Structures are given as structure tokens and as C-alpha cells.
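J.: Return atomic coordinates for the entry below.
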Amino acid sequence: DGNPLQAGSDDFVSTFNVNVAQIQPVDPPSFSPGDITPPVVVAVDPRQGAALASSPGLLTVNFSEPLNPASVTGDSVRVLASGRDGTFGTGTDREVAIQFAQYNEAARQLVVGLGESLSEDVYRISIGGNGAFRDLAANTLDGDRDGVPGGIFTSDFRVDLTAPGVSVALAPASDTGIVGDNTTSISSGLTVGGTVSDGSIWTAERYLVELDADLDGQFDDARATTDFSGRFVVSAPSTIRAAARQTMRIRVTDPAGQSSISETTITVDTSPLLAAFSQPLLEFASAPSSVSFSVNETPNPVGLFDLDNYSLFASGLDGLFVDQTVIDVSNSIAGVQYNDATKQVTLSLSTGLPNDAYRLVVGSGGALADLAGNALPQEVVLDFRIGNLNPITGPAPPGAQGSTALNQIPQFRVQAFSTTNPALGQLIV
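T.: Model (predicted):
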């Protein structure tokens, strides 16, 4: 009614109409926090884990966004040497002199000039800390890339000024004879192996190994890499057949690109070991102290001096070695001697062997072989008799052309006659 409200009076109530269709929505005002993403390192040269064959003159670091040039300070850039132990924080670290540290705004790149030539060692560049390296919105470098401003960025590399050392020889997979003698009976697909060393600062792991098996000057016949201890094994293609004296060459390249070449010469022997007695039957008036046989090449001493590879049997006085009277007297073989100049093997016998017919079997243990591992193809047998022979003679048959002594039966001396008399139709002894 136009009169003002009085204190303590009832609330004022008013009603009015609103046309909802005429109301226009209004977006609330937006508020942006601005740039809150910290810069990070996106590239570094030398790269993390790089191996260099020479000292670098410059180190570069690239960032994800422009930095405030005033925040790039030289005292927040460090280059450390490990002190030739390959690790940092052990008390052997030393500071590397820095000549300058400049920031290139256009390239978003920090360029670090070294004040000294780097010797062979492991090095670490570190940047950040003390609020340095901020972007244009004052966000500090996220050096450890944990999503939070702050943290020191580090990257390691090494300088390797020397080529690796390498030793190579026939690998156990192809060494069929005495291990380490570089002799084999395998003529194709030979496998060689060895060890790579590259100083005491780092292990020679994942070095490239290349093989030249056909000696064409190209290391393209096979490839391998070294394991964590610097060892490697590499095999030639089976299509390359080895000569009697086969030289194989190895080239090893380390991560810095330094290479070394080494070679090994392998003896390839595919001929079997052969053994023979001077005659198939020996006669002794009394027990001999030894018996000998010859070989065509040097035997593997492991099998040669193993008495299990020799057997001696007595006939049991009947001269037969196929019946139940045979006696194994192999324990009478006392030892083995070998003369490499004459290629003669001598078996020492115990004293006191009684008169009887004996059979000596060489290779009965199956382990007689040459240095390349070629085994004796079959047992070699020598029959000998101790004691006087019992001669049995008879008149020559009609038409006989002469007699020939046949010493094939140890107990007896036998004479055989040949004849042109067809009526006989048989051998007469």
C-alpha cells in the first residue's frame, strides 16, 4: 500500500509471472591455470648408453618446449667421469672441465662444450637442480620424468679408444677328439668359439662376431653376438667343406665400432685309426715280457692308456678260442707304452704266463681313437703261443709243388702242399 515495512512486521510477499521460453542460457566464466606442464629432455647426444671411439667435442640436450634463457645456468650443468670403475658415487668420480654451456632458443637445445679431451672411461652428464631450466611459465625441468617439476636429468655414455681383444679356437661342439687341440673329424659346418675382452671398465657383452670360413676376405659366412661374459660361438654353413688344414677368421666389433680380427687353424682328420701286428702269429719259447703293435697315427692317449681297451685270453691248452675252455687273463696286461716316433704301442705282460696259446684283442673296450676322435673301426687280433711247438709232418703228396708253413693253429706246425693232380681234389696236410 506504499507504506514502508515496520520492524517486526510480517515478511513481504510478492508474486509475478515469468516467461520461461524467453530465458537464454548463460555459460559460466572459465578460469585457466595456464601452463602447468614442466619441460622434459627429449633427446641427448651422445645418447644414453652410447659408446664412442673418440672423445666428443660437444654434448647437446634437447627440450620438449622453449626455456627461459635466464634460467639456463652453467652451474646447473655437470659432466662426471667414473674414475675408470664404470660406476658413479663410489668415491672415484671426478668433474670434467666444461668450457661453455649455451642455450639455443630456436632449437630448444643446450650445447655443452668440453674443456678437455675425454680418455677411456664412462661419463655422465647431469642438468637441473637449484630451480634452473624453467620454461616460459616458470615450470622447472622434470629431469627424472616423474611428472613433477624438479629432479636431475642424467645420461651416461662411454669413450672406448681401444679395439677389443679376441681369442678363437675350435668349439667343443666340433671338437671330436682331445678338447683344445683344434683337431676334429668333422669336415663341414665347423663351429668355433672364443672370448672377447675390452679392458676392465666394462664387460664385452653384445659385441658383433662375424665369420669368414671360406677365406674370401668377406666376413659374411655367419654372425653371432657375445654373451654377458664376452663368450661367443659361431658355426660355418654346412655347405662349406673344410680342408685338411682349415683356417677360419673371426672379426669382432665393439659398440664403439672398433674391430679386431683373429684366426684359428683347424686340423681336419676323417681317416680312422688303424692298428696292426707285424705278423698274425708269434711264437715264444718262454713267456714274453711284452708284445707290440703299430698304429698309423697318434692315438688319443685317453683311450690308448686305458687297459680296458685290451683283452687277453688263454685257450685252455686246446688252441681254440670258441669253446668253454677259454680263460680271460686280461689282468696279465700290466701297462702300455707308446713311441710316437715309430708309432708303436707296447703292452707289458705280467711274468709267469704258462705255456699255452693266447689271443690278444686290441680295441675291445671300443674307446681307441685318434686325436680327431676317429675310432678304431674293428678289433685287431694277435694270436701267440708260449712253449715248444709239436711238429707234425708227413710225406709230400704226389705232384706236390713244395711246402708252405701255415702257422694258423698255435699248437701245431702245419705244412700244406699244393698239387696239380686233379684226382686228389683236396688239400693234403
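J.: Give me the neighbour count for the closest residue to residue 52 other than its chain neighbours.
T.: Nearest residue to residue 52, sequence neighbours excluded (C-beta to C-beta, 6 or more residues apart in numbering): residue 159, at 5.1 Å. In short, each C-beta sits where N, CA and C put it, glycine included. Using other C-beta atoms under 10 Å, residue 159 has 22 neighbouring residues.
J.: Now residue 159. Its backbone dihedrals?
T.: phi -110, psi 120 (degrees, to the nearest 10).
J.: which residues touch it?
T.: Under the criterion of C-beta atoms under 8 Å, 6 or more residues apart in numbering, the neighbours of residue 159 are 51, 52, 54, 55, 56, 118, 119, 120, 121, 123, 256.
J.: mind listing the strands for the stretch 1-150 of the chain?
T.: Along the stretch 1-150 of the chain, the stretches classed as strands by DSSP state E, counting those that start in this stretch are 41-45, 50-52, 58-63, 77-81, 94-95, 98-104, 109-114, 121-127.
J.: Adjacent strands (with direction) for the last one?
T.: Strand 121-127 sits in its sheet next to strand 77-81 (antiparallel), strand 153-159 (antiparallel), going by DSSP bridges.
J.: Using TSV, please lay out those strands together with mean pLDDT.
T.: Converted to TSV, these look like this (pLDDT from 0 to 100):
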stretch	mean pLDDT
strand 77-81	97
strand 153-159	96
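J.: can I get these in CSV with distance to residue 89?
T.: Supplementary listing: those in CSV, determined by distance: least, C-beta to C-beta, whole Å:
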stretch, distance to residue 89
strand 77-81, 10
strand 153-159, 11
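J.: Of all those, which one is nearest residue 36?
T.: Nearest to residue 36 among the strands paired with strand 121-127 is strand 153-159; the distance by C-beta to C-beta comes to 19.6 Å.
J.: Which is the succeeding secondary structure element to that closest one?
T.: Where DSSP states H and E defines the elements, the next helix or strand beyond strand 153-159 is strand 165-170.
J.: partner strands of that following strand, parallel or antiparallel?
T.: Neighbouring strands of strand 165-170 in its sheet, by DSSP bridges, are strand 191-197 (antiparallel).
J.: Quick one: distance of the partner strand to the chain centre.
T.: How far strand 191-197 lies from its chain's middle: 5 Å, per C-alpha atoms, centre = their mean, to the nearest Å.
J.: Which one of the strands of the stretch 1-150 of the chain lies nearest to residue 145?
T.: So among the strands of the stretch 1-150 of the chain, strand 41-45 is nearest, using C-beta to C-beta, at 7.9 Å.
J.: For the closest one, list every residue counted as buried.
T.: With burial defined by 16 or more other C-beta atoms under 10 Å, the residues of strand 41-45 counted as buried are 41, 44.
J.: What lies in contact with it?
T.: With C-beta under 8 Å, 6+ apart as the test, strand 41-45 has contacts from 59-64, 125, 127, 141, 143, 145, 153, 155.
J.: ChimeraX command to pick out the buried ones of those?
T.: Buried members of the contacts of strand 41-45 can be picked out in ChimeraX with the line below, counting by 16+ other C-beta under 10 Å:
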select :59,60,61,63,64,125,127,141,143,153,155
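J.: Would you mind giving the contacts of strand 41-45 as a markdown table with distance to residue 335 added?
T.: Listed next are these as a markdown table, based on distance: C-beta to C-beta, whole Å:
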| residue | distance to residue 335 |
| --- | --- |
| 59 | 72 |
| 60 | 76 |
| 61 | 76 |
| 62 | 78 |
| 63 | 82 |
| 64 | 82 |
| 125 | 71 |
| 127 | 77 |
| 141 | 81 |
| 143 | 76 |
| 145 | 75 |
| 153 | 74 |
| 155 | 69 |
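J.: Please, where are all the helices along the stretch 201-350 of the chain?
T.: Here the stretch 201-350 of the chain has its helices, by DSSP state H, counting those that start in this stretch, at 301-304.
J.: pLDDT below threshold where in the stretch 251-400 of the chain?
T.: 388-400 (pLDDT under 70).
J.: so how far is stretch 76-90 from its chain's centroid?
T.: In terms of C-alpha atoms, centre = their mean, the centre of stretch 76-90 is found 33 Å from the chain centre.
J.: Show me which residues of that stretch are buried.
T.: Applying a neighbour-count criterion of 16+ other C-beta under 10 Å, the buried positions in stretch 76-90 are 76, 77, 78, 79, 80, 81, 82, 83, 86, 88.
J.: Next, give me the two most distant ones among those residues.
T.: The farthest-apart pair in those, when distances are taken by C-beta to C-beta, is 76 and 86, at 25.4 Å.
J.: what's near enough to touch residue 127?
T.: 41, 61, 76, 77, 78, 110, 133, 141, 143, 152, 153.
J.: partners of it in the sheet?
T.: Listed by DSSP bridges, the beta-bridge partners for residue 127 are residue 77, residue 153.
J.: And it, how close does it get to residue 273?
T.: According to C-beta to C-beta, to the nearest Å, residue 127 stands 70 Å off from residue 273.
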